[in-house]
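1. A structural model of the following input is requested.
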Amino acid sequence: MTRELTGRHVLAVTVGAFALIIGVNLVMAVNAVRSFPGLETRSAYISSQQFEAERVAQMALGWTAALSIDDGRSLLTLQDAEGQGVRPKALGLVLRRPTHQQADQHPRLQAEAAGRWHGQARLAPGNWNADLTAEA
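-> Coordinates of the predicted model:
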């Protein structure tokens, strides 16, 4: 036995579909706003100009960096163009998730030898970025 499709049924299906779509959009928008860490830069143009100057200076140094993390221990190596260990004036490392700042880690690096540092870093599975700052 089939029931007749009435205008009320069509209206109910249409309203229900739009309510579902709007509800999902609201949930996604709220989660996007909650997870956004904030303003990254005031002027993208000025930042891009500084980025290019810093990139050129960095490339002129010829330094290479390598970071490995195994069983909660991080090992950072910095070498110059000749393969010698580098001793920068200042050194900083931030391990962060690309999507939020809640899990950011700032491992304290301890010098092992010229151009080698170790520290502690317990990372949950998933994608992580390493931001290294070294001052010549």
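2. The top helix by length along the chain packs against which elements?
-> Using DSSP state H to define each element, the chain has its longest helix at helix 7-35. Other helices and strands packing on helix 7-35, by 3 or more C-beta pairs under 8 Å, 6 or more residues apart in numbering; DSSP states H and E, are absent; none qualifies. Where C-beta positions appear, they are placed from N, C-alpha and C, glycine not excepted.
3. Which positions in the helix or strand just after it come out as buried?
-> Downstream of helix 7-35, the first helix or strand assigned by DSSP states H and E is helix 44-61. For helix 44-61, a neighbour-count test (16 or more other C-beta atoms under 10 Å) marks nothing as buried.
4. got a list of what the residue nearest the centre of the chain touches?
-> The residue lying closest to the centre of the chain (C-alpha atoms, centre = their mean) is Pro98, at 2.5 Å. Pro98 sits next to Asn127, Asn129 when contact means C-beta atoms under 8 Å, 6 or more residues apart in numbering.
5. Could you report the separation of it from Trp128?
-> Distance of Pro98 to Trp128, computed by C-beta to C-beta, to the nearest Å: 8 Å.
6. Ser43 now?
-> Taking C-beta to C-beta, one finds Ser43 at 28 Å from Trp128.
7. Which one's more surrounded, these two?
-> Set side by side, Ser43 and Trp128 show more neighbours around Trp128, with 16 against 9, by other C-beta atoms under 10 Å.
8. How about the contacts made by that one?
-> By C-beta under 8 Å, 6+ apart, Trp128 lies in contact with Leu95, Arg96, Arg97.
9. Who wins on neighbours among these?
-> Neighbour counts for the contacts of Trp128 (other C-beta under 10 Å) peak at Leu95, which has 20 neighbours.
10. doesn't Gly126 make contact with that one?
-> No. Shown here, Leu95 and Gly126 do not form a contact pair, counting by C-beta atoms under 8 Å, at 11.7 Å.
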